Structure formats: C-alpha cells, structure tokens
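**Student:** sequence isn't available, so here's the structure alone:
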C-alpha cells in the first residue's frame, strides 16, 4: 500500500479528487478538486453555507465523502488526519470550564499518547514550545475562560502545533478577533508557514491576508486556479453576486490593483511575489 | 448537645449513615464534576429514573432490587448514549421517553408483586439511615473503581468534555470513552439511590460540583472540592434531620440547595462590586 512508501517532498500534502459530499442525498460539495503541496499557504473563502464546514469535516474524517477521494500525505483520511493540526473556530465557550491554557494545549498530544498512557516530560516540553511559538507561554496557568478571543485562538493554534502536524487546518481563524489581533495572527501563521503547510477556510474576504500564497473560492464548487490572486470573476462565481471587496475596516489585500501596505518584510504574500 | 451527639453516634445506623454520606460524596464529587462540565445533567436524570424499572423487576422476580437497578441504569445509560450518538432523533426527547418508560415499568411490576413493599419509598426518597453494613462495603468498592477509572482515563474524559471534535481528530475513541462515563454515572446513581433516593439524585450530582466549579478553575481541584462539599452537606443534612426529625434525603438536598443559592448570591455580589471598581 501507499502508506508504507516514504513521503517525497514533492508529494501533495492534501489531495482531493472529484469529491462530492453532503447530507441526506443533498450535496453540499460538488466535484471538488484540490491539491495542496508542501509549505503551501492556501486560503479558501466562500459564503456561509458554501460548504466550508463540510469540507473541514471531510478532511478530518468526520464525514465520509459521497464520491471521490481524499488523501492526506497519501494516506486515507482516518490515518492521515493525525498529521493535521486542526484549529477550530473560536466560538463562545463555557467560561467556567475548569481547564488551563496548558491543559488545552496538551490535548494536542492525545493522538501521540494513546489510551492508558500518561503524558511524559517530552510531551510537556513540546507543549511548552508550542505555547512559546504563539506567545502564550506566560499565560499557561490561566483558565481558558479568562482569555480574550484572540488569545484563545492562539492557544488553539498551540494545541494544533503540539500534535507536531505537517498541516495546519484553520476554520475562520480571525472570525472573533479584532483587526489588530487578526493581523498578528496572520503574522504568526506566516512565521509558522516556514515549517508547516497551512490551509485556512473563511467566509470573510477581508480576512484573507497577504501571507496567503494561493486563494480559492468555495461555494459548492471550488474555484481554484493555483493563482496568487483572487479575481472578481472567481468571487462572483462563488458568491453568485457582486460583492464588496472592501471589508469592514480591514484593508483587503486580494485585489490585483490594490497597493499593498505591509509592515512585515518577510511577507511572501500576494503582493510580495508580484 | 454534645451528649445528644455522642448518644446519636452510639447508634450503628447513625454511624453507618454518616459513613455512607462520606462514601457517596466521593463518587458524586468526581462524577458530578464531569456531569456538570459536560452538561449531561438531563441524561443523568434519565439514567437515574429509568433505574426504577430495575427495582420493580427485582421485586417481582424476587432478586435484589439494587442489582436490578444497576442493570437498568447501565442499560439505560448505554441506550441513551447510543440514541444520542448514533441516531438522528432529538436526543433529549428520546431520553425523556426512556426516563418515563423506565419508571412506569418499575411501578407496574411493583403493582403485580404480592406482599409487603414498605421500603419501596426508600428507593424514591432515600433511606440513608437504613444503609446496612454490607452496602457500605459495596460503596467503598465502587468509589475505588470510579477513582481508578477516572485516573486511568482522565485525559480522555477531560478531552471529550472540553472539545469532542478535537478529541476525535486526535483518534481518541470518543464514543467508547463517553459510554464509559455514562456507565459510571449509572453506577453512581445506584449508590446515591440509597442515600437521597432516585428523585433527588440529580441534586447530589450537580450541586456540589456546581458550587466548586465557581470556586476553582482546575478540574482535579474541582473534583476534590465537590467531594468535600458533598461530605459536608450529607453530614450537616443528616444531623439536622436527626435533631429536627425530618426526612434525611430531603434535608440533605435542602442543605445543598441553600448552599448553592448562597454561592450564587455571593458570586453575583462579588461580580457587581468588581464591575463597580472597574468603573
């Protein structure tokens, strides 16, 4: 089987071929094709109800595809998903939940330490390192309920990193944070992208930043051209109506004729490569 | 006063009752903490009430009603868990139906049982003063089993309570771990039945855990504190019921309930004064 084959650097990290998926014979995703290569930074945007959540569920093995094939590092999703660091959308949580930042991040080690095995000193080191990467090490003892949305997002990223993933899969990473925090999260993702492949999915065009190397639009079908720019045509096809590309207060960085203002010289984003 | 206390303690039933209160509080504190943070109070109530079916069948077929209750609460725990996980029905509706059917089965079987059924009420409203020595041993063993299981699967229990999707992605067998948790709730419910009765089980599972959840923000401390609070409430409730000649189970629940309301009140006052300071 393919699983035993050693992974080539050039092999796709995620490969989706002719994927159809949905619920009760109603397809939400139609004929999706997507190849994500090593160290790509892919952003998929699309309206709510466009199948973003469904695509994430399929990639995490929580929903079986109706048709088509999904491979993660050449493996079936159930095996390949342990290479995915999943960062869920920050939603309102039980503020009183008795768990600390460190304990949340340590859940990233669950896959490595199976049933009946205790976390080791090595696990704690990896977790501390992950928290340091997202600048949350100082708050490791804090109850998770006391954090702001942006801080919680960082903890979830640390939890995903603690799994030592090949791929980070982020669901609406900036949905519940202010624009400033959103920029700093993208800076963080830009840094992390030196070592891990990133796939993020968002409904907010304004959330797509210059750190993203390739963009696609998802609305039942995927409009994806391995391009570094989003075109009004793609957007219109995805959203099925002309949409305002200027999102609330955040300067969008996806239109080709937009002069980019970036304060990060390491930017390998859209404008940087033009 | 002290004389009355020593006199009361000279009764075996009083000593057994106090000990039973301590033993159930340990199980309640640990399992209750999970019930509260995972928000499965309703399904726990369902498991408790469905257990009554087992008591009725035990009476009818002349075997131990406690065994019947254990079998029924485990079966209903698994059944309700399956419905919740594997079907697309509205889970709370199905749980409510199973809750009612379990109780109805119990009542019908007891109706059809000939003879003396005096201690039947004790299963509904508790009879901590009638706990026999042998039950104390069973409670101790159950406590040890519960502590052992929670210690073994602590990281998995915490993971499914906090974020089940993430746990699934990390290949934690979430359904199995959840069923194990429900099974432990089933066992705890049967233990509690002796003390406060099926009808008031929910209070003992939730109140100590809810209070300690407001005071500490660490799961392990929350389990320990709710166990201690449980011991406090059962002990105070028992003495009150002894001196005032009240039903023990109901007194224990009222003591817990008053403590809960007080803690809510104090929390509200503290929050308001904190808000004012901020302004």
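**Tutor:** Structure received. All values derive from a computational prediction rather than experimental measurement.

**Student:** what does the helix or strand containing residue B:143 contact?
**Tutor:** Here residue B:143, judged by DSSP states H and E, is contained in helix B:133-152. Here helix B:133-152 makes contact (Cβ atoms under 8 Å, 6 or more residues apart in numbering or on different chains) with A:116, B:12, B:16, B:19-20, B:23-24, B:26-27, B:30-31, B:66, B:157, B:180, B:184, B:187-188, B:191, B:194, B:223. Using the backbone N, CA and C atoms, a C-beta is placed for each residue, glycine as well.

**Student:** same check on stretch A:66-84?
**Tutor:** Residues outside stretch A:66-84 that contact it (Cβ under 8 Å, 6+ apart) are A:2-3, A:5, A:7, A:11-22, A:27, A:31-32, A:58-61, A:111, A:163, A:165-169, B:169-171.

**Student:** out of the contacts of helix B:133-152, which end up buried?
**Tutor:** B:16, B:19-20, B:23-24, B:26-27, B:30-31, B:66, B:157, B:180, B:184, B:187-188, B:191, B:194, B:223 (16 or more other Cβ atoms under 10 Å in any protein chain shown).

**Student:** anything in the host helix or strand of residue B:159 near chain A?
**Tutor:** Assigned by DSSP H and E, residue B:159 falls within helix B:154-162. Yes: applying Cβ under 8 Å from any Cβ of the partner chain, one finds helix B:154-162 in contact with chain A at B:155, B:156, B:158, B:159, B:162.

**Student:** what helices or strands is that helix leaning on?
**Tutor:** Helices and strands touching helix B:154-162, by 3 or more Cβ pairs under 8 Å, 6 or more residues apart in numbering or on different chains; DSSP states H and E, are helix A:101-106, helix B:12-37, helix B:164-169, helix B:174-196.

**Student:** what residues sit buried inside that helix?
**Tutor:** B:155, B:156, B:157, B:158, B:159, B:160, B:161, B:162.

**Student:** returning to that earlier point: tell me which of the helices and strands packed on helix B:154-162 sits most buried.
**Tutor:** helix A:101-106 (a mean of 25; mean count of other Cβ atoms under 10 Å in any protein chain shown).

**Student:** next SSE downstream of that helix?
**Tutor:** Downstream of helix A:101-106, the first helix or strand assigned by DSSP H and E is helix A:121-133.

**Student:** now do the helix or strand just after that following helix against helix A:121-133, angle only.
**Tutor:** Once helix A:121-133 ends, the next helix or strand along the chain (criterion: DSSP H and E) is helix A:149-162. For helix A:149-162 against helix A:121-133, the angle by axes from the mean of the first three to the mean of the last three Cα atoms, to 10 degrees is 140 degrees.

**Student:** could you point out the helix or strand that follows helix A:149-162?
**Tutor:** strand A:167-171.

**Student:** may I see the buried residues of that next one?
**Tutor:** Neighbour-count burial for strand A:167-171 flags A:167, A:168, A:169, A:170, A:171 (criterion: 16+ other Cβ under 10 Å).

**Student:** got those residues as TSV, with pLDDT and distance to chain B columns?
**Tutor:** Converted to TSV, these look like this (pLDDT from 0 to 100; distance: Cβ to the nearest Cβ, whole Å):
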residue	pLDDT	distance to chain B
A:167	95	12
A:168	96	12
A:169	96	9
A:170	95	13
A:171	92	10
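
**Student:** what's near enough to touch the closest residue to residue B:96 other than its chain neighbours?
**Tutor:** Leaving aside its sequence neighbours, residue B:96 sits nearest to residue B:46 (Cβ to Cβ, 6 or more residues apart in numbering or on different chains; 7.1 Å). By Cβ under 8 Å, 6+ apart, the contact set of residue B:46 is B:76, B:80, B:95, B:96, B:98, B:99, B:102.

**Student:** same question for residue B:243.
**Tutor:** residue B:4.

**Student:** gap between it and chain A?
**Tutor:** 36 Å (Cβ to the nearest Cβ, to the nearest Å).

**Student:** so which helix or strand takes in that residue?
**Tutor:** Under the criterion of DSSP H and E, residue B:243 resides in helix B:219-244.

**Student:** just to revisit the earlier point, with pLDDT added, can I get the residues of helix B:154-162 next to chain A in a markdown table?
**Tutor:** Shown next, in a markdown table, are the residues of helix B:154-162 next to chain A (pLDDT from 0 to 100):
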| residue | pLDDT |
| --- | --- |
| B:155 | 96 |
| B:156 | 96 |
| B:158 | 96 |
| B:159 | 96 |
| B:162 | 96 |
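
**Student:** now the helices and strands packed on helix B:154-162 as a markdown table including distance to residue A:88?
**Tutor:** Formatted as a markdown table, those follow (distance: least, Cβ to Cβ, whole Å):
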| stretch | distance to residue A:88 |
| --- | --- |
| helix A:101-106 | 12 |
| helix B:12-37 | 18 |
| helix B:164-169 | 7 |
| helix B:174-196 | 15 |
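
**Student:** among those, which is nearest residue A:221?
**Tutor:** Evaluated over the helices and strands packed on helix B:154-162, closeness to residue A:221 peaks at helix B:164-169, with 25.6 Å, by Cβ to Cβ.

**Student:** so which residues on the stretch 101-250 of chain B come close to chain A?
**Tutor:** Residues of the stretch 101-250 of chain B lying near chain A (Cβ under 8 Å from any Cβ): B:152-153, B:155-156, B:158-159, B:162-163, B:165-173, B:213-214, B:216-219, B:221-222.

**Student:** try 10 Å
**Tutor:** Contacts of the stretch 101-250 of chain B with chain A, taken as Cβ under 10 Å from any Cβ of the partner chain, map to B:151-156, B:158-159, B:161-163, B:165-173, B:176-177, B:209-210, B:212-214, B:216-223.
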